[in-house]
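**Q** here's a sequence, model it:
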Amino acid sequence: MGTDALPPLLLVGCGKMGGAMLAGWLERGLKEVVVVEPHAPAAAAFAGRATVVPGPEAIPAGFRPAAVVLAIKPQEAAATLPGFARFAGEGTLFLSIMAGRNTAGMRALLGEQAAVVRAMPNTPAAVRQGFTVGFAGPGVTEAQKALADSLLSAIGETAWVAEEGLIDPVTAVSGGGPAYVFLLAEVMEAAAIAEGLPPELARRMARVTVAGSGALLAASAEDAATLRKAVTSPKGTTERALAVLMAPEAWPKLMREAIAAATARSRELAG
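**A** Residues are numbered from 1 along each chain as shown. Take a look at the predicted model:
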């Protein structure tokens with residue numbers, strides 16, 4: 001699908017992720033979009049470029065979206081989704097970015113005829129550097145999957161899985177991944193201050209080092225382990241630090257436990 005050919009869309013929820021997606025679509029030439037957002041300030045940035053309504057009952061008569069994008073909190077699904085069931089079965093795609101909510105549960109609320117794609121983006125979508133993994137549920141056509149991919153690629157890279165259960169570890173790794181990286185910057189800053197560096201220098205050093213390392217990783221054909229080894233001189237300071245971080249009970253074990261805990265929580269949210 002051409003980037004100048006996005007069809008009419010209905011966006012339900014215009015928080016940080018929904019807003020990032022909408023901004024990406026508008027940059028790609030989206031002409032017709034209705035945003036359902038009861039909290040007016042959330043969609044204020046899109047005044048004049050989108051029709052914003054407080055609820056499904058206020059959607060303009062005759063509006064037929066090619067896709068309904070569900071960008072609400074998973075806890076709001078049961079109360080919110082039935083209001084959009086009238087669009088199911090008309091060739092309309094439902095694209096959900098709700099964590100944990102599976103396609104079966106969404107079809108139970110929308111109608112079994114609903115074509116649902118479940119996707120998990122992450123917050124770098126705000127700067128069009130996101131990574132989104134999708135799963136196409138029962139009845140989703142190749143054309144609808146292509147539309148979903150086009151919408152998601154507006155905020156970064158996309159990938160697809162054939163098994164819906166894999167979306168749970170995706171949620172744990174890439175969905176929550178930015179928080180883990182931000183925590184790295186946070187604890188590096190605190191450690192630098194503890195070693196006597198001025199707070200402002202510590203913050204700047206941690207932020208730029210994390211951001212720059214990420215940019216290097218993205219630009220390099222080498223894997224992360226090879227890049228790590230290139231920084232690590234034998235018997236040097238980095239090697240000494242990594243001996244602590246890579247100890248059996250340190251980062252490798254903790255990260256495995258963290259991802260497992262997040263994956264389990266994603267499954268719990270499915271109900």
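**Q** please make it C-alpha for all contacts and neighbour counts, starting now.
**A** Will do.
**Q** show the backbone phi and psi for G134.
**A** phi -120, psi 160 (degrees, to the nearest 10).
**Q** thought it was touching A119?
**A** Yes. Using Cα atoms under 8 Å, G134 is in contact with A119, at 4.1 Å.
**Q** residues shared between the contacts of those two?
**A** Counting by Cα atoms under 8 Å, 6 or more residues apart in numbering, the common neighbours of G134 and A119 are I167.
**Q** look up the residues forming beta bridges with the closest residue to I59 other than its chain neighbours.
**A** In this structure, I59 finds its nearest non-sequential neighbour in V53, 6.6 Å apart by Cα to Cα, 6 or more residues apart in numbering. With DSSP bridges as the criterion, V53 is bridged to V36.
**Q** which residues touch V53?
**A** V34, V35, V36, E37, P38, I59 are the contacts of V53 under Cα under 8 Å, 6+ apart.
**Q** my guess is the fourth one contacts P56. True?
**A** No. At 9.4 Å, E37 and P56 do not qualify as touching, with contact defined as Cα under 8 Å.
**Q** now stretch 14-21 - C-alpha only, PDB.
**A** Taking C-alpha atoms only, stretch 14-21 is exported to PDB below (Å, rounded to 0.1, in the frame of the first residue of the first chain):
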ATOM      1  CA  CYS A  14      -5.400   9.000  21.800                       C
ATOM      2  CA  GLY A  15      -2.900   8.600  24.700                       C
ATOM      3  CA  LYS A  16       0.800   8.500  24.100                       C
ATOM      4  CA  MET A  17       0.800   5.400  21.800                       C
ATOM      5  CA  GLY A  18      -2.400   6.200  20.000                       C
ATOM      6  CA  GLY A  19      -1.200   9.800  19.500                       C
ATOM      7  CA  ALA A  20       2.200   8.600  18.200                       C
ATOM      8  CA  MET A  21       0.500   6.300  15.700                       C
END
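**Q** in it, what's buried?
**A** Within stretch 14-21, the residues that count as buried by 16 or more other Cα atoms under 10 Å are C14, G15, M17, G18, G19, A20, M21.
**Q** phi and psi next, for the nearest residue to the last one once chain neighbours are set aside.
**A** Closest residue to M21 in three dimensions, ignoring its sequence neighbours and counting by Cα to Cα, 6+ apart: I155, at 6.2 Å. Backbone torsions of I155, given as degrees, to the nearest 10, read phi -120, psi 10.
**Q** if I look at I155, how far off is D149?
**A** Going from I155 to D149 by Cα to Cα, to the nearest Å gives 10 Å.
**Q** what does T103 give?
**A** Applying Cα to Cα, the value for T103 to D149 is 17 Å.
**Q** so between these two, which is more surrounded?
**A** T103 (24 against 21; other Cα atoms under 10 Å).
**Q** correct me, but that one touches A119?
**A** No. If you go by Cα under 8 Å, T103 and A119 don't touch, sitting 10.2 Å apart.
**Q** that older thread, tabulate the buried residues of stretch 14-21 (a markdown table), appending distance to W160.
**A** As requested, the buried residues of stretch 14-21 are arranged in a markdown table below (distance: Cα to Cα, whole Å):
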| residue | distance to W160 |
| --- | --- |
| C14 | 24 |
| G15 | 24 |
| M17 | 19 |
| G18 | 20 |
| G19 | 23 |
| A20 | 21 |
| M21 | 18 |
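**Q** list the ones among those residues that fall in strands.
**A** Of these, none are assigned to strands by DSSP state E.
**Q** the residue nearest to M21: how many residues sit nearby?
**A** Neighbourhood size, I155 [other Cα under 10 Å]: 27.
**Q** so what pLDDT did it get?
**A** Here, the pLDDT recorded for I155 equals 93.
**Q** ok, it to V140 distance?
**A** 22 Å.
**Q** same deal with P41?
**A** 34 Å.
**Q** these two: who's more crowded?
**A** Using other Cα under 10 Å as the criterion, P41 and V140 rank with V140 on top: 19 against 11.
**Q** okay but the more buried one is in contact with E112, surely?
**A** No. Taking contacts as Cα under 8 Å, V140 lies outside contact range of E112: 11.9 Å.
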